[in-house]
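Q: pasting a predicted model and its sequence here:
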Amino acid sequence: MERLSARLLSWASLIDEKTLAQAHTTARMPFIHPHLALMPDAKGATVGSVIPTLGAIIPAAVGVDIGCGMIAVRTQFTKSDLEGRDLAELREQIERAIPLSAGRYNRKVVASAEPRIAELEQFAEKNGFDPASYAGNWRLQLGTLGSGNHFIEVSVDELDRVWLFLHSGSRGVGNKIAMRHISVAQRLCKQWWIDLPDPDLAYLVEGTEEFTRYIRELRWAQHFALLNREEMMDRVARQVSEFLGTAVDEQERINCHHNFTESEKHYGKQVWVSRKGAIQADAGRPGLIPGSMGTASYVVEGLGDPQSLNSSPHGAGREYSRSAARRTFTHEQLREAMTGIEFRDTDAFVDEIPQAYKPIDRVMADAASLVSIRHTLRQLVNVKGD
């Protein structure tokens, strides 16, 4: 860990100047308490940041994919159960069971989604808002993956045990909720003549109607994201069961956010902790840190480092933007990086090539004081949206 200023600590050994400048700007906001913590995967504006705030929240610090995170299930199967089988068939079965890519949703509400949708309807009613005001088809979005770095994987750990692993968030409805409240915060700061160093640092003040509404809708979107992952995981498990002819027996299930806000006590004060590209890492808490496409992922346990505000990185973190990755790398390099892994071989995924990300081993080394590694997962099957 390196103390960059009184209000900025960093665990990142690989970090660019633009990211550091943005972090310093955010750390100088008057309601930061006690300091902003930069995780080893910090990048951009500013993924990999843990931002504790007193009496205010910055909606853009949570981001537009509210509740985005990971879920993993350890099954009773081992690598030997998959050997000699056509893993392309399994990949295609998963792709048929779960709508992939931006803007692609379910055609109907399936039976497994019904109780989850009912739970979300009750949650929204209790909090006094209608999710349909943001997305009329939000029910059809539950159980869908999205695109970009969202993925579904079948992996094996160091003992050759099979894990099911996926990454997704609150989809289009969460995005619209986030965009509305970012816009409201910017409008109010302008109305109150607040001079912001960056429009994305616009904030909502605790105790106002706008703040209360954001918290209510934020928590709904976070729960939508969690249930979205649960629904997809159930579908993946069903496809694996059908593929192997034996029902999946779950040995362990972990589901954690990495774009979210929670009220927590740190350094003697109750603060709103916004983790954008970071997971909770309280002592003993299980967590998930994926690598990039084609590299290892990790099942971890939090160490409860107070200086990190009980946080850890959420993944590898990009070194190249998507456009820069497309200019730099080729489809053939992607194929080489994915050797031995079943995936949909298309140049649509060149911007997700492992070389576009920080080396996950370096990130995990930087995070040694934040989490301990319980399991290292290696991919056998990878599913992504375009």
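A: Perfect, I can see it now.
Q: residue ranges of the strands in the stretch 1-150 of the chain, please?
A: In the stretch 1-150 of the chain, the segments counted as strands under DSSP state E, counting those that start in this stretch are 2-5, 8-10, 36-43, 47-53, 56-57, 69-78.
Q: winner for burial among those strands?
A: Of all those, strand 36-43 has the most neighbours on average by mean count of other Cβ atoms under 10 Å, namely a mean of 29. From N, CA and C alone the C-beta is placed, and that goes for glycine too.
Q: which other helices and strands does that one contact?
A: The contact analysis (3 or more Cβ pairs under 8 Å, 6 or more residues apart in numbering; DSSP states H and E) places strand 36-43 against strand 8-10, helix 17-27, strand 47-53, strand 311-313, helix 360-366.
Q: which of those sits closest to residue 92?
A: helix 360-366 (27.5 Å; Cβ to Cβ).
Q: let's see the closest one as PDB, backbone CA atoms only.
A: Extracted in PDB, the C-alpha atoms of helix 360-366 (Å, rounded to 0.1, in the frame of the first residue of the first chain):
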ATOM      1  CA  ILE A 360      -4.200 -10.900 -13.000                       C
ATOM      2  CA  ASP A 361      -1.200 -12.400 -11.100                       C
ATOM      3  CA  ARG A 362       0.200  -8.900 -10.500                       C
ATOM      4  CA  VAL A 363      -3.200  -7.700  -9.300                       C
ATOM      5  CA  MET A 364      -3.500 -10.600  -6.900                       C
ATOM      6  CA  ALA A 365       0.100 -10.000  -5.600                       C
ATOM      7  CA  ASP A 366      -0.800  -6.300  -4.900                       C
END
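Q: helices of the protein, start to end?
A: Taking DSSP state H as the criterion, the chain carries its helices at 17-27, 59-62, 79-82, 87-97, 114-126, 138-141, 171-191, 209-244, 322-328, 331-337, 360-366.
Q: buried residues, stretch 362-376. List them.
A: 362, 363, 364, 366, 367, 370, 371, 375, 376 (16 or more other Cβ atoms under 10 Å).
Q: oh sorry, the question was meant for stretch 263-271
A: 266, 271.
Q: now it: average pLDDT?
A: Stretch 263-271 carries an average pLDDT of 97.
Q: could you pull up the mean pLDDT of stretch 137-154?
A: Across stretch 137-154, the per-residue pLDDT values average to 95.
Q: re earlier: can I get the buried residues of stretch 362-376 in TSV with distance to residue 162 and pLDDT?
A: Output for the buried residues of stretch 362-376, formatted as TSV (distance: Cβ to Cβ, whole Å; pLDDT from 0 to 100):
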residue	distance to residue 162	pLDDT
362	27	92
363	25	93
364	22	95
366	29	96
367	25	97
370	27	98
371	23	98
375	12	97
376	14	97
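Q: now render those as CSV, adding distance to residue 256.
A: Below are the buried residues of stretch 362-376 laid out as CSV (distance: Cβ to Cβ, whole Å):
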residue, distance to residue 256
362, 22
363, 17
364, 16
366, 19
367, 15
370, 14
371, 12
375, 15
376, 17
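Q: how many neighbours does residue 246 have?
A: 13 (other Cβ atoms under 10 Å).
Q: quick one, phi psi at the closest residue to residue 34 other than its chain neighbours?
A: Nearest residue to residue 34 in three dimensions, chain neighbours excluded: residue 267, at 4.5 Å (Cβ to Cβ, 6 or more residues apart in numbering). Main-chain torsions, residue 267, degrees, to the nearest 10: phi 50, psi 40.
Q: ok, now how distant is residue 267 from residue 77?
A: 45 Å (Cβ to Cβ, to the nearest Å).
Q: so what's the residue nearest the centre of the chain up against?
A: Residue closest to the mean C-alpha point of the chain, counted by Cα atoms, centre = their mean, is residue 69 at 3.0 Å. The contact partners of residue 69, taken as Cβ atoms under 8 Å, 6 or more residues apart in numbering, are 167-169, 225-226, 229, 255-260, 279, 288, 314.
Q: check residue 344 too.
A: Neighbours of residue 344 in contact, by Cβ under 8 Å, 6+ apart: 91, 95, 383, 384.
Q: which member of the residues you listed is positioned nearest residue 104?
A: Among those, and counting by Cβ to Cβ, the member closest to residue 104 is residue 95, at 11.0 Å.
Q: spatially, what comes nearest to residue 13 if we skip its sequence neighbours?
A: residue 366 (5.2 Å).
Q: just checking, that neighbour touches residue 15?
A: No - counting by Cβ atoms under 8 Å, residue 366 does not reach residue 15; the two are 10.0 Å apart.
Q: who wins for neighbours among the contacts of residue 69?
A: residue 258 (31 neighbours).
Q: just to revisit the earlier point, need the strands of the stretch 1-150 of the chain in CSV (columns: mean pLDDT and distance to residue 27).
A: Compiled in CSV, the strands of the stretch 1-150 of the chain are given as follows (pLDDT from 0 to 100; distance: least, Cβ to Cβ, whole Å):
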stretch, mean pLDDT, distance to residue 27
strand 2-5, 92, 7
strand 8-10, 97, 4
strand 36-43, 93, 4
strand 47-53, 95, 9
strand 56-57, 97, 14
strand 69-78, 98, 25
